[in-house]
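*Asks:* Compute the structure for the input listed below.
(2 chains)
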2 protein chains.
Amino acid sequence: MAQKVKLSTIAEALGLSTATVSLALRDSPLVAEATRERIKEEARNSGYIYNRRAASLRTSRSGIIGVCVSDIMNPFFGEILKAIENELDRHRQTFVLCNHYDQLSKQRAFVDTMLQLGADGLLMSPAIGTPATDIHLAEQNDLPVILIARTVDGCGVTSFRGDDSYGMRLAVEHLIARGHRRIGMIGGTDLTSTGRERERGYRQALADAGIEYRPEWRIPGPRSRHSGFDAVSTFLKLRDRPEAVACFSDLVALGFMYGLAREGLRPGVDIAVTGYDDIDEAAIAMPSLTTVANGQSEVGRRAADALLARLNGAAAVESVELITPQLKIRQSTEGVERH
Amino acid sequence: MAQKVKLSTIAEALGLSTATVSLALRDSPLVAEATRERIKEEARNSGYIYNRRAASLRTSRSGIIGVCVSDIMNPFFGEILKAIENELDRHRQTFVLCNHYDQLSKQRAFVDTMLQLGADGLLMSPAIGTPATDIHLAEQNDLPVILIARTVDGCGVTSFRGDDSYGMRLAVEHLIARGHRRIGMIGGTDLTSTGRERERGYRQALADAGIEYRPEWRIPGPRSRHSGFDAVSTFLKLRDRPEAVACFSDLVALGFMYGLAREGLRPGVDIAVTGYDDIDEAAIAMPSLTTVANGQSEVGRRAADALLARLNGAAAVESVELITPQLKIRQSTEGVERH
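*Replies:* The predicted structure follows:
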């Protein structure tokens, strides 16, 4: 490795003061943008590395935000993440990601790493079973937390999520309006606030229409495409098989539709199907999927903004900010044969 | 915030030496696992935070590995990542993730962050257009790099990827063996080594069978589901429309099959379709997708192992380690009507 490059080397090469170089490398608006870019270019070319570790012991901000969700491969989280990225990019915050796969130990290891690195804050969709004390621990160690998609009672911080109960009611009321009375619900569990809220919406819509809730028509399960596919065999064995199903998520619905087709049933014709999330794929699926747009972008954007406000001194407030979902009607509930 | 908890507080509470507590918190095998767990539990309960920032200025290892890919929402990368996670978990390395979306500036910002945090190493699938000097910069600053899925000429380090040219040849030879002569290729571009290699395999298989390459039957594009869906309109306008297509990836193939169905064509019956990657969804899709299993798990596992070897002193070697892919034959090339 070459000799260490110093600030003064860069300053000399460009005919600037070391103070200007130092400010520019910390992205200070005191230095004109064109000059900043020139300095960074020179720093890069000369192999200079700003030692943020040493610097972060001297100053209070590392410029790093941690983001932790159960599985970033789930497009629902992917879309929230894109909105978070946009927001943080605009504020020149770097972020690092972690999947916790709903394992508390993984989530804790990540939070510890963020504490140890002196991260500025944390956006997290808490793992199933997260105790409020885990969030208190981060907060007490000066790591502000904002929750996304899920809530933890007593956590003391703000959560941003879609109004899941209302959204599922929209889907089930739509199925009822299409003339269906035998309506099942596929996927999701009561281990997460999301699962509990969506099931509550399903049962409310049935109750409001005077339709009895049938426990055997509620087939819970993980929120994956495979889980939806696998639920078909249970579904087909039901007595008085439902003529419509409201699925916990789009992935579950898309897997369920694959499974129906495998058994020679036509989704949208023989069985009406709704999803939840309105991921990109919903509009091009075959049949296209009636679903509930969940406001992922708004969840991500507002959660990132709230965290940035915390970094700028706003106090922690325990509250749940609900984003209102919208129904998107497509072919999977139309009851019409399609090519 | 409560008063800072010291090592000695924990040691006293448990009746152990501070040296034992210190070793346990650094996961030293010198302390029995049960004792380590008891110490960590006490540390957690008392709110003790090990200051890795200060520690990493004193010692040479931070315990952090950076992982950077174009888009972790692509299941191809997701499956590589799971294998990496398994390997790093076993070696008690924490890792942090970043998407570069094939933007060099994002990739550079992440590499800089890793350098500044004193990360131990980097696993990356280099963004389109990554110059070898970007990898030299990391290496010269004591950040060992291993490449996954893509190669950069002159980078000086090891890359692990599937043998893309051979894999695509397997898919196209299978289509030829099924009796097809008019075979298109959908998706991918020549901007990545993967895209170039897969196209090379496609053209080789045609040439070996004495079939002329028709440039208009090569429809390039991004490697997304939407891109495959959108390619259908171009495909349907082709003169002498191909009767079979080899797609760049499973996502492209699945989107293409949605698009064919939308136009009243039966994938696997009217048009034979192959994918590439064998993602989880391929086996349950309707029709199930003939594809090339790409060895993602092996790529991830071996790349992580190679990086761990570098951390333990192995020298950098420029080489490309090819993992041999396998053909998986399913319904989408069977030519049989299915429910």
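
*Asks:* Retrieve the pLDDT associated with the residue in the stretch 151-300 of chain A positioned nearest to chain B.
*Replies:* Residue nearest to chain B within the stretch 151-300 of chain A (Cβ to the nearest Cβ): residue A:264, separated by 3.3 Å. For every residue, glycine as well, the C-beta is placed using N, CA and C. pLDDT recorded at residue A:264 is 95.

*Asks:* What number of residues are in the vicinity of it?
*Replies:* By other Cβ atoms under 10 Å in any protein chain shown, 9 other residues sit near residue A:264.

*Asks:* Distance-wise, check it relative to residue A:234.
*Replies:* 17 Å (Cβ to Cβ, to the nearest Å).

*Asks:* from the middle of its chain, how far away would stretch A:259-270 be?
*Replies:* 30 Å (Cα atoms, centre = their mean, to the nearest Å).

*Asks:* buried residues in that stretch?
*Replies:* With burial defined by 16 or more other Cβ atoms under 10 Å in any protein chain shown, the residues of stretch A:259-270 counted as buried are A:259-262, A:265, A:267-269.

*Asks:* coming back round to it: could you tell me whether the residue of the stretch 151-300 of chain A closest to chain B really is in a helix?
*Replies:* No - assessed with DSSP: H, G, I helix; E, B strand; the rest coil, residue A:264 is coil; it does not lie in a helix.

*Asks:* And the average pLDDT for whatever helix or strand residue A:307 lives in is what?
*Replies:* In the assignment (DSSP states H and E), residue A:307 maps to helix A:296-311. Taken as a whole, helix A:296-311 has an average pLDDT of 94.

*Asks:* next SSE after the helix or strand hosting residue A:8?
*Replies:* Taking DSSP H and E as the definition, one finds residue A:8 inside helix A:7-14. The helix or strand immediately downstream of helix A:7-14 is helix A:18-25, counting by DSSP H and E.

*Asks:* I'd like to know which elements the next helix or strand after that following helix is packed against.
*Replies:* Later in the chain than helix A:18-25, the nearest helix or strand by DSSP H and E is helix A:33-46. Packing partners of helix A:33-46 (3 or more Cβ pairs under 8 Å, 6 or more residues apart in numbering or on different chains; DSSP states H and E): helix A:7-14, helix A:18-25.

*Asks:* the strands in the stretch 51-200 of chain A, which residues?
*Replies:* A:64-69, A:94-99, A:121-124, A:145-148, A:158-162, A:183-186 (DSSP state E, counting those that start in this stretch).

*Asks:* okay if I get the ones you listed as CSV plus mean pLDDT?
*Replies:* Below are the strands of the stretch 51-200 of chain A laid out as CSV (pLDDT from 0 to 100):
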stretch, mean pLDDT
strand A:64-69, 92
strand A:94-99, 84
strand A:121-124, 96
strand A:145-148, 97
strand A:158-162, 95
strand A:183-186, 98
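
*Asks:* any idea how far residue B:277 is from the residue positioned nearest the centre of chain A?
*Replies:* Among the residues of chain A, residue A:77 comes closest to the average C-alpha position under Cα atoms, centre = their mean, at 3.2 Å. Distance of residue A:77 to residue B:277, given as Cβ to Cβ: 21 Å.

*Asks:* on that earlier part again, format the strands of the stretch 51-200 of chain A as a markdown table; extra columns: mean neighbour count.
*Replies:* A markdown table is the format used below for the strands of the stretch 51-200 of chain A (neighbours: other Cβ atoms under 10 Å in any protein chain shown):
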| stretch | mean neighbour count |
| --- | --- |
| strand A:64-69 | 25 |
| strand A:94-99 | 24 |
| strand A:121-124 | 26 |
| strand A:145-148 | 27 |
| strand A:158-162 | 25 |
| strand A:183-186 | 25 |
